[in-house]
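K.L.:
Need a 3D model of the following:
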Amino acid sequence: MAARIERLVTSGTFSLDGGTWDVDNNVWIVGDDHEVIVIDAAHDADAIARAVGGRTLRAIVCTHAHNDHIDAAPALAERTGAPVLLHPDDLPLWKQTHPDRAPDAELTDGQGLAVAGIELTVLHTPGHAPGAVCLYAPDLNALFSGDTLFAGGPGATGRSYSHFPTIVDSIRDRLLTLPGDTVVHTGHGDTTTIGAEAPHLQEWIDRGF
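P.N.:
Just a heads-up that it's a prediction; the model follows:
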């Protein structure tokens, strides 16, 4: 069976800079009936493992290291034997949540991740976090944007390790250059498309998201 995209929503909390907020996260499972990767192991390792089922989990890919995107990663890795992959620029954030367990391997810009006969390309898109990445899968007409780009604008940049001009550069230079019909699968909330978001770049800049 051809590769496909599955969405699981898990609930928990996001904590940074002394504040804690309730959040729902999108966990994306990409693959076929035999093998998959998980993008952002959020909150509930048991639920994610059930969604993976008997398929081989090739990797647990972290779009960034805010706790709500990585809190279930070590437990899922222990259960499945899959490696946890993170861009090294986000190690300071990772260590706030998992000080005694490092990621297993690094993500690098331009790296290809193969699963179920397709390839996802890692795009380093700092701004929301220093090591934030997106994953582009042209065979699925899909971009997995983490918290870099949402339906309606960029991810938040008002907390530690974030920078608004940097996220604008990342979106303009790395994401809005993709085909307009590319479906953007976000870290929270609804999907969008590159074409829907591209016309609003200047508005975001003027509003200073």
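K.L.:
who touches the closest residue in space to residue 29 that isn't next to it in sequence in this structure?
P.N.:
Using CB to CB, 6 or more residues apart in numbering and skipping the chain neighbours, the partner closest in space to residue 29 is residue 6 (4.2 Å). C-beta here means a position set from N, CA and C on the backbone, and glycine is covered the same way. For residue 6, the contact set (CB atoms under 8 Å, 6 or more residues apart in numbering) comprises 28-30, 36, 51.
K.L.:
ditto for residue 170
P.N.:
For residue 170, the contact set (CB under 8 Å, 6+ apart) comprises 124-127, 132, 148.
K.L.:
didn't residue 31 look like it was pressed against residue 38?
P.N.:
No: the pair residue 31 / residue 38 is not scored as a contact, 9.1 Å apart, by CB atoms under 8 Å.
K.L.:
which stretches of the chain have low pLDDT?
P.N.:
Low-confidence segments of the chain (pLDDT under 70): 1, 208-209.
K.L.:
how about the strands in this structure?
P.N.:
4-16, 19-31, 35-39, 56-61, 84-86, 105-106, 112-115, 118-124, 133-137, 142-146, 149-150, 153-154, 183-186, 192-193 (DSSP state E).
K.L.:
List the buried residues in the first one.
P.N.:
The reference is to strand 4-16. 5, 8, 10, 12, 14-16 (16 or more other CB atoms under 10 Å).
K.L.:
Using CSV, write down the CA coordinates of that strand.
P.N.:
Written as CSV, here are the backbone C-alpha positions of strand 4-16 (Å, rounded to 0.1, in the frame of the first residue of the first chain):
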residue,chain,number,x,y,z
ARG,A,4,-0.1,7.9,3.7
ILE,A,5,-0.5,10.4,6.4
GLU,A,6,-2.3,9.7,9.7
ARG,A,7,-3.1,12.3,12.4
LEU,A,8,-3.4,11.6,16.1
VAL,A,9,-4.3,14.4,18.5
THR,A,10,-3.0,14.2,22.0
SER,A,11,-3.5,16.5,25.0
GLY,A,12,-1.2,17.8,27.7
THR,A,13,0.6,20.9,28.8
PHE,A,14,3.3,23.2,27.3
SER,A,15,5.6,24.8,29.9
LEU,A,16,8.3,27.5,29.3
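K.L.:
Tell me which strands that strand pairs with, and in which orientation.
P.N.:
Paired neighbours of strand 4-16 in the sheet (DSSP bridges): strand 19-31 (antiparallel).
K.L.:
distance between stretch 83-95 and the chain's centre?
P.N.:
12 Å (CA atoms, centre = their mean, to the nearest Å).
K.L.:
ok, so what distance separates the closest residue to residue 20 other than its chain neighbours from residue 68?
P.N.:
Nearest non-adjacent residue to residue 20, counting by CB to CB, 6+ apart: residue 13, 5.1 Å away. Per CB to CB, to the nearest Å, residue 13 is found 7 Å from residue 68.
K.L.:
With residue 183 instead?
P.N.:
Distance from residue 183 to residue 68, by CB to CB: 23 Å.
K.L.:
Could you check which of these two is surrounded by more residues?
P.N.:
In this view residue 183 and residue 68 are compared by other CB atoms under 10 Å, and residue 68 has more residues nearby, 25 against 17.
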